[in-house]
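1. Model the following, please.
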Amino acid sequence: MSRKPPVDEKKRVNAEPAPAAVKVATRQAKPAVVERVAPPVPEPDAPTLAVDGRKRVIIEGVTPELDGGEFAVKRTVGDIVTVEADVFTDGHDALSCRLQYRKAGETAWQETPMRVLVNDRWRGEFPAAELGRYEYTILAWVDAFKSWRHDLSRWVQAEDIAIALRVGEQLVGKAAQRATGEDTRWLTQRASELTGQRDLDYRRQLGLDDHLAGLMERYADRSLALGYGKELAVIVDDERARFSTWYELFPRSCNPAPGQHGTFKDCEAWLPRIAAMGFDVLYFPPIHPVGQVNRKGKNNTLTPGPDDVGSPWAIGSSEGGHKDILSALGTLDDFRHLVQKAREHGIAIALDIALQCAPDHPYVQQHPDWFRWRPDGTVQYAENPPKKYQDIYPFNFETADWRALWDEIKSIFAFWAEQGVRIFRVDNPHTKPFAMWEWLIAEIKQTTPDAIFLAEAFTRPKVMHRLAKIGYSQSYTYYAWRNTKEELTEYLTELTQGPGAEYFRPNFWPNTPDILTEALQFGGKPLFMTRLIMAATMTANYGIYGPAYEMMEHVAVKHGSEEYLDSEKYQVRHRDFSMLDGPDSLHDFIALVNRIRQRNPALHSDPSLRFHKIGNEQLICYSKATAHFANVILVVVNLDPNYTQAGWTELNLAKLGLDLHHPFQVHDLLSGAHYLWHGPRNYVELNPHRMPAHVFRIRSSLHTEQDFATFDG
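-> Okay, here's the model as predicted:
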């Protein structure tokens, strides 16, 4: 059943919290960490106790916990969720600690023991086995039996041992009363044996028996157990949320004949090529009818010709709106067929959702109050001074009819999900209400748990992080504008090692139809290669505006602009396979890099990224590794697109699973060359006009031959 947002979200600043129907499942904080009970009636002048003082456990410092439990952290199917906490009590009594977890909607908790690491730090794990939302919390108590067992092993005087065994008889006997079935009989007998007639040492060994310890753990006395008081959450996404390789393509440019508008049928011919290059996500800009009113011409001019196709982001015309398809591309059946064909090639279709309208979008006539009207009686079009978007009307999210607007926007995502789309690239989500996204994404994921949302938000960091917290699966980043060694090291360390790593999944794009950086304009082929290598190996999710990147298109519309000359945003561009696959293309290089990504699991996630020192500011060195160093990748990149750069590495061998006293082999997966290295200092020299980077797979005598064979492809 659809949940309608019943609160006035026009009041988005310092507003009262939304009622339960709008609150999404990411907000589960409870009011207190300490379990509270009804206080006893105090005697005159006696202090009033608000807590049960017999519950002596302290639980704090829980990780992962995002903003006090207000938001969920993120994992993907198959991950192990590791939870840690500081758990301790007064005195020297032993504790038992359990990690409790369940799928959202279930009532019963599953639980697993937590173990002590060091200094009262405990750790437990549970599997993220299914898509959806999991909840977890912690339960702990002072464990009298564990304390007794520990002390029993240390007593040496017979009198002390005998007394301890009498105490043990009582503890085991009470556990027998809590037990069921055969366990009741066994524990009852063991209790009597602890104080029986057998030898004292024999009876002590009965008390230290592992089977007894297991049963006492199963039937532990939890009457004074203390819960953490918060039910924390983790959202478990499809694997493509963690590891995906994107190729952006304008379907209207897919026709093999010059000057002809492409169709979905034409796009199907691209699928084998895109799959062979190693891309598993094919992303389309909006595929809806394009507005006629104020349509833009080539290079964003205000004077379009009769054959100009306009910007696909100017959505809506007499043909329909956000749930319709531009007739020149084909029919809805054609689109469904394309989605199915893509799936057969291992490719998911990602669709751009841009919440804005052309002046002739049906919404403008049907719901005029969804837009801002100026004093002269015209609708306010989109502006980002000095840019003007006369062909686009933004929604007014402070309309009195905001509930209906939210419901309609949700229905857009639901409609395309019904057509088989599972990945949504959302245009400028930071200009829409946070509360709407939190509600909408949770609603869509209830019915489509494998849905993935990519936030196209190049904006202030706190805004980008808020979008990730409230549900966005992936996020665009500032990568395109991070060029120096210092910038890249600082930014990637923040993304992969900072607190945002629990919820912010970066997706690196060296170019987009909107972004042709100055570096790409003047860096030549070496720069295109290095930016692709770093995007593909620094983060597990990356993408390119495909044909333009393959052909290294680098001419801007004017000096100082990041807009392409003859931008595909405003015209059909003929994309010739013979050129894209020719000697002047990066086709083969891109395919090689993607093949390296696929074959090396170290590149499938981000947390293991570590930087290593190297004695040249124009060289950057970093590594990634899987658990137990079964697969280790070391990358060295020449950031200078013009000149050969050389330097000596200063590797952190521990981060590579290497021993100082053992040589190791590095296999360059780009060139096929092999080198034998020893220790942290090794010489590297890179000519950017030959190959501007090394992508090494490390082979060590500490690794097995099976490890090598697994990743040799």
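
2. so what pLDDT did Ser2 get?
-> With respect to pLDDT, Ser2 scores 41.

3. Check Gly53 too.
-> In this model, Gly53 carries a pLDDT of 87.

4. Make sure it is indeed in a helix.
-> No. Under DSSP: H, G, I helix; E, B strand; the rest coil, Gly53 falls outside any helix and is assigned coil.

5. any idea how far it lies from His92?
-> Per Cβ to Cβ, to the nearest Å, Gly53 is found 19 Å from His92. Yep, even glycine has a C-beta here, placed from its N, CA and C like the rest.

6. and what of Lys410?
-> 56 Å.

7. OK, contacts around Gly173?
-> Leu187, Thr188, Ala191 (Cβ atoms under 8 Å, 6 or more residues apart in numbering).

8. On the three-state scheme, the first one is what?
-> Right, the one you point to is Leu187. helix.

9. rewinding a little: could you dump the contacts of Gly173 to a markdown table with distance to Arg699, pLDDT and neighbour count?
-> A markdown table is the format used below for those (distance: Cβ to Cβ, whole Å; pLDDT from 0 to 100; neighbours: other Cβ atoms under 10 Å):
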| residue | distance to Arg699 | pLDDT | neighbour count |
| --- | --- | --- | --- |
| Leu187 | 54 | 97 | 22 |
| Thr188 | 59 | 97 | 16 |
| Ala191 | 58 | 96 | 20 |
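
10. Residue ranges of each domain in the chain, please.
-> Listed domain ranges for the chain are 58-142+224-236, 146-218, 239-425+438-450+492-600, 604-711 (source: automatic domain parsing).

11. Include distance to Tyr472 when you put the ones you listed into a markdown table, please.
-> Output for the domains of the chain, formatted as a markdown table (distance: least, Cβ to Cβ, whole Å):
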| stretch | distance to Tyr472 |
| --- | --- |
| domain 58-142+224-236 | 10 |
| domain 146-218 | 41 |
| domain 239-425+438-450+492-600 | 7 |
| domain 604-711 | 16 |
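
12. Of all those domains, which one comes closest to Ala457?
-> Checking those against Ala457 by Cβ to Cβ gives domain 239-425+438-450+492-600 as the closest, at 11.0 Å.

13. gap between the closest one and the chain center?
-> Centroid separation for domain 239-425+438-450+492-600 versus its chain: 20 Å, with Cα atoms, centre = their mean, to the nearest Å.

14. who has more neighbours, Lys410 and His92?
-> Lys410 (20 against 8; other Cβ atoms under 10 Å).

15. correct me, but the more buried one touches Lys445?
-> No. Between Lys410 and Lys445 there is no contact under Cβ atoms under 8 Å: 11.7 Å.

16. Give me the buried positions along the longest helix belonging to the chain.
-> Across the chain, the longest stretch assigned as helix under DSSP state H is helix 158-178. For helix 158-178, burial by neighbour count (16 or more other Cβ atoms under 10 Å) applies to Ile161, Ala164, Leu165, Val167, Gly168, Glu169, Leu171, Val172, Lys174, Ala175, Ala176, Arg178.

17. now those residues as a markdown table including pLDDT?
-> As requested, the buried residues of helix 158-178 are exported to a markdown table (pLDDT from 0 to 100):
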| residue | pLDDT |
| --- | --- |
| Ile161 | 92 |
| Ala164 | 93 |
| Leu165 | 95 |
| Val167 | 95 |
| Gly168 | 95 |
| Glu169 | 95 |
| Leu171 | 97 |
| Val172 | 96 |
| Lys174 | 96 |
| Ala175 | 96 |
| Ala176 | 96 |
| Arg178 | 97 |
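
18. Nearest to Ala630 among the residues you listed?
-> Once Cβ to Cβ is applied, the member of the buried residues of helix 158-178 that ends up nearest Ala630 is Ala175, at 42.8 Å.

19. list the contacts for the nearest residue to that closest one once chain neighbours are set aside?
-> Distances taken as Cβ to Cβ, 6 or more residues apart in numbering put Tyr219 closest to Ala175, at 4.6 Å, once the chain neighbours are dropped. Neighbour list for Tyr219: Ala175, Ala176, Arg178, Ala179, Asp183, Leu187 [criterion: Cβ under 8 Å, 6+ apart].

20. now the residues you listed in JSON lines, with distance to Gln197?
-> Below are those laid out as JSON lines (distance: Cβ to Cβ, whole Å):
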{"residue": "Ala175", "distance to Gln197": "23"}
{"residue": "Ala176", "distance to Gln197": "20"}
{"residue": "Arg178", "distance to Gln197": "27"}
{"residue": "Ala179", "distance to Gln197": "25"}
{"residue": "Asp183", "distance to Gln197": "24"}
{"residue": "Leu187", "distance to Gln197": "19"}
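
21. List the strands paired with the longest strand anywhere in the chain, with their directions.
-> Using DSSP state E to define each element, the chain has its longest strand at strand 132-142. With DSSP bridges as the test, strand 132-142 is paired with strand 95-103 (antiparallel), strand 226-227 (antiparallel), strand 232-237 (antiparallel).

22. Deepest in the core, which of these is it.
-> Across the strands paired with strand 132-142, averaging neighbours per residue (mean count of other Cβ atoms under 10 Å) puts strand 232-237 on top, at a mean of 24.

23. quick one: contacts of that strand?
-> 25-26, 28, 62, 64-66, 69, 71-77, 79, 81, 104, 128, 130-137, 445, 450, 452, 471, 473.
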